[in-house]
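J.: Below are the sequence and a predicted model; questions follow.
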Amino acid sequence: MATIRIPFENMKQVFRRALVKVGFAPERADQLAEVFAQNSLDGVASHGWNRFPVFMGHIAQGYIHFTAEPEKVIAMGAWEQWDGKLGPGPLNALAATRRAMELAREYGIGCVGLRNTNHWMRGGTYGQLAAQAGFVLICWTNAVATMPPYGSRDIRLGNNPLVLAVPRRDGPVVLDIAMSQFAFGKLEVAARRGEELPVPGGFDADGRPTQDAAVILEEGRALPIGYWKGSGLALLLDMTAALLSGGLATHEIVQRKAERAVSQIFIAFDVAKAASAVWVEAEIENIIADLRAAQPDAPGDEVLFPGERVLKNRQENLADGIPVDETVWQDILNMAG
């Protein structure tokens, strides 16, 4: 499959045109286009240009209520619960992140439980937003079941992505991980390109670990990170997401078409309330300096902090354009008209 490079602003405008064409208000189309284009720019094609046609398909099928906006249901001081009303996942998540930051400015900590929402695309988007504003953010989502619990052949657990973000002057530190070894969007990209995964990412029909992304997608049995550790963490993230948001757990959303009505949690900390900005920055840099002092496995390699590769991808793609599969891009151009 041929790869072409598309400038960031061009890509964003194409996304915007496609969204306006299906009925999004211009301001909301701008926000969504920014999310998809930024994910693409940062090298996360699985939740950028590669995911955009799927998102548009869910709009056409009525799975996403594109005019819906989240509504506060319960306020308990620094902890609130909101109903996403099956609106666009990224817009709901942006609103929840901003509200968590507002609560943190008032209380030092702010927690928003968001229920009845849709796929948020890349969780790191919200970590970056909060960290760039000076907040520490912890957020996660539950998901449709795609993994067997450790020691089982039956699919019961979601990949339940978890994000931790810390502010930093020269670019935030953002960990964005699924509880499966590979997010399903990355499996789709690897399968389309016929690429073997670098390590086993799931199981084949006989229950054997495999690096074949297409087989994993066909069987729908992803491998939890850390085996029993990832299995347990996925379960507890699902439990707490449902309890803190008042929403559905994975076993309740598994039978629904597409991944919708999920539960998400956003917890922001205003670290400036507890310590000076100077101390916060110095402490972060000291930790990173200690990390960089570690000897790489191979000469010429680098020891990177979480999110650093994203910063490098962003610089390269701003300069050279975002690499896109030509056939997928043509489909997106057709959507934009």
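T.: Perfect, I can see it now.

J.: For stretch 122-136, buried residues please.
T.: Neighbour counts over stretch 122-136 (16 or more other CB atoms under 10 Å) mark 122-131, 133-136 as buried. (C-beta placed from N, C-alpha, C; glycine too.)

J.: can you tell me which of those are in strands?
T.: Judged by DSSP state E, these include Val136 as members of strands.

J.: now for the buried residues of stretch 122-136, which pair is the farthest apart?
T.: Across the buried residues of stretch 122-136, the longest distance by CB to CB is 21.0 Å; it joins Arg122 and Gly134.

J.: can you pull out the helices in the stretch 151-300 of the chain?
T.: Using DSSP state H, counting those that start in this stretch, the helices of the stretch 151-300 of the chain run over 184-193, 213-219, 228-245, 250-253, 277-292.

J.: what does whatever helix or strand comes next after the last one contact?
T.: For helix 277-292, the following helix or strand on the C-terminal side (DSSP states H and E) is helix 308-320. Contacts of helix 308-320 from elsewhere in the structure, counted by CB atoms under 8 Å, 6 or more residues apart in numbering, are Arg5, Phe8, Ser40, Leu41, Asp42, Gly43, Val44, Gly124, Gly171, Val173, Val174, Pro323.

J.: and these, which two are the farthest apart?
T.: Greatest spatial distance in those: Arg5 and Val173, 28.2 Å, computed using CB to CB.

J.: okay, the two: which has more neighbours?
T.: Neighbours of Arg5 and Val173, each counted by other CB atoms under 10 Å, are more numerous for Val173; the result is 20 against 11.

J.: Just the pLDDT for the more buried one.
T.: Here the pLDDT value assigned to Val173 is 97.

J.: got it, and the one 3 residues further on?
T.: Looking at Asp176, its pLDDT is 96.

J.: what sits against the nearest residue to Ala205 once chain neighbours are set aside?
T.: Distances taken as CB to CB, 6 or more residues apart in numbering put Glu219 closest to Ala205, at 5.9 Å, once the chain neighbours are dropped. Applying CB under 8 Å, 6+ apart, we find Glu219 in contact with Gly202, Phe203, Asp204, Ala205.
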